[in-house]
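In: just coords:
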């Protein structure tokens, strides 16, 4: 067994529809190993977290014990930033690594059910002086944070495998191997990835009616080994 612990199970998927905050916590605690690290003095304190929506506060609390969440390629802001956009006040909580887009929620919180699980807005080129292009994400904050974490965890995993573009019917044998994560396509304006998991393995699939590309991520090298049997055209395969 790896010194990082046993491979991630897929039990967290059972909670995606009923309690996505719990699903995210289970995913993160199972995927990322415990680290002996001093407290991050820049991380939000309890009084700051008390003002945030529950899902975002839970993300930052989980990051206290799994600081890898603060090392994503697209970083989460330690202190979300209040901005004013054409569609109203927003709280920016994450940004693309080159600053060409960011993600935000309405701020101050809206009245009603959306107050605890607000909608998420993707803003293109937020540093531009021109009219900002904004896109409403399909998932509310709690489920979007799960999408965001899956995308990052799979994309920057220690061991990865990516296919070339291939006919979509090549995906059929994976149906008995991978368990689908019941979430909307992630960033459908771009790749529109759907997420899947198997023990110790995360996968993202971008597909249309005819073609597909698959990306796999693992923390244990041996979790990739069964994929060789599918004979996919590999662009990268870490061994």
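Out: Yep, that arrived. Note that the structure is a prediction, hence the values are computed from the model and not measured.

In: between the two ends of stretch 128-138, what distance do you get?
Out: End-to-end span of stretch 128-138 (Cα to Cα, to the nearest Å): 24 Å.

In: show me which residues of that stretch are buried.
Out: Residues 132, 134, 137-138 are the ones in stretch 128-138 that count as buried (16 or more other Cβ atoms under 10 Å). All C-beta spots, glycine's among them, are computed from the backbone N, C-alpha and C.

In: which two of those have the greatest separation?
Out: Across the buried residues of stretch 128-138, the longest distance by Cβ to Cβ is 19.5 Å; it joins 132 and 138.

In: rewinding a little: can I get the buried residues of stretch 128-138 in JSON lines with secondary structure and distance to residue 175?
Out: Output for the buried residues of stretch 128-138, formatted as JSON lines (DSSP: H, G, I helix; E, B strand; the rest coil; distance: Cβ to Cβ, whole Å):
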{"residue": "132", "secondary structure": "coil", "distance to residue 175": "40"}
{"residue": "134", "secondary structure": "strand", "distance to residue 175": "36"}
{"residue": "137", "secondary structure": "coil", "distance to residue 175": "27"}
{"residue": "138", "secondary structure": "coil", "distance to residue 175": "23"}
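
In: quick one, longest helix in this protein?
Out: Counting residues, the longest helix in the chain under DSSP state H turns out to be helix 141-155.

In: who are the packing partners of that helix?
Out: helix 20-31, helix 54-65, strand 101-106, strand 194-198, strand 201-207, strand 211-218 (3 or more Cβ pairs under 8 Å, 6 or more residues apart in numbering; DSSP states H and E).

In: relative to helix 20-31, how tilted is it?
Out: Relative orientation of helix 141-155 versus helix 20-31 (axes from the mean of the first three to the mean of the last three Cα atoms, to 10 degrees): 20 degrees.

In: what lines up beside the helix or strand of the chain with the lowest mean pLDDT in the sheet?
Out: For the chain, using mean pLDDT, DSSP states H and E, the weakest element among its helices and strands is strand 133-136, scoring a mean of 88. Applying DSSP bridges, strand 133-136 is found paired with strand 121-124 (antiparallel).
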